[in-house]
Structure formats: C-alpha cells, structure tokens
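**Student:** task: produce atomic coordinates for the following.
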Amino acid sequence: MEETEHNTIQWVIDAFNDKVESNKRGERGKHGNQYIKESRRLKMCPNCNNVWETSFSGLCNRYNHMPTYGLKRALCTLCKKIV
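**Tutor:** From the prediction side, this is the model:
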C-alpha cells in the first residue's frame, strides 16, 4: 500500500517538474496569456479617445472605460465617416 502511494505522489511530482521545465524553456501550452488576443484586436481612437474594436459581425464596439496604455492608435470606423 505504501509503495502505491509513493508512486502516485511521484507521478504528481514528475508532472509538476515537467511543467516547470517547459516554462523555463519558453514553451507555452494552449493556455498561454489569454489577453494577448484582446490587445491585438483593441485600438485607441485619437479623435474620440475611445477604445474600439470591430466585432465578428462587423460592428464597431467603442469603450470609454478601458485603459489605452500600449494600444495601437487608429481612427475608429465612426470617426472615419465624420472626417
């Protein structure tokens, strides 16, 4: 019984060590940084100072409550129509 418990614990330790080693090598699984896609999709409009994105349906979603640090600057589709 004690040998079985030792094997079970060793399996957990080996799995954890493999995960740590893969992170040290820079390998990312499918669960990498989940916010990378959002930062690529979101842009900041310098005209209206809103963060915006084009949704999958093609509509322009604008957000005035989001931080703009590090976002690409581009005119939103509504400001393009005005200018």
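
**Student:** what comes into contact with stretch 75-83?
**Tutor:** Surrounding stretch 75-83, the residues in contact under the criterion Cβ atoms under 8 Å, 6 or more residues apart in numbering are 43, 45, 46, 47, 48, 50, 52, 54, 60, 62. C-beta coordinates here come from the backbone N, C-alpha and C atoms, glycine included.

**Student:** go again with 6 Å.
**Tutor:** Contacts to stretch 75-83, defined as Cβ atoms under 6 Å, 6 or more residues apart in numbering, come from residues 45, 47, 48, 52, 60.

**Student:** checking the closest residue to the third one other than its chain neighbours next. Helix, strand or coil?
**Tutor:** Nearest non-adjacent residue to residue 48, counting by Cβ to Cβ, 6 or more residues apart in numbering: residue 79, 5.6 Å away. The local conformation at residue 79, judged by DSSP: H, G, I helix; E, B strand; the rest coil, is helix.

**Student:** so for residue 79, what's the pLDDT?
**Tutor:** For residue 79, the pLDDT comes out at 91.
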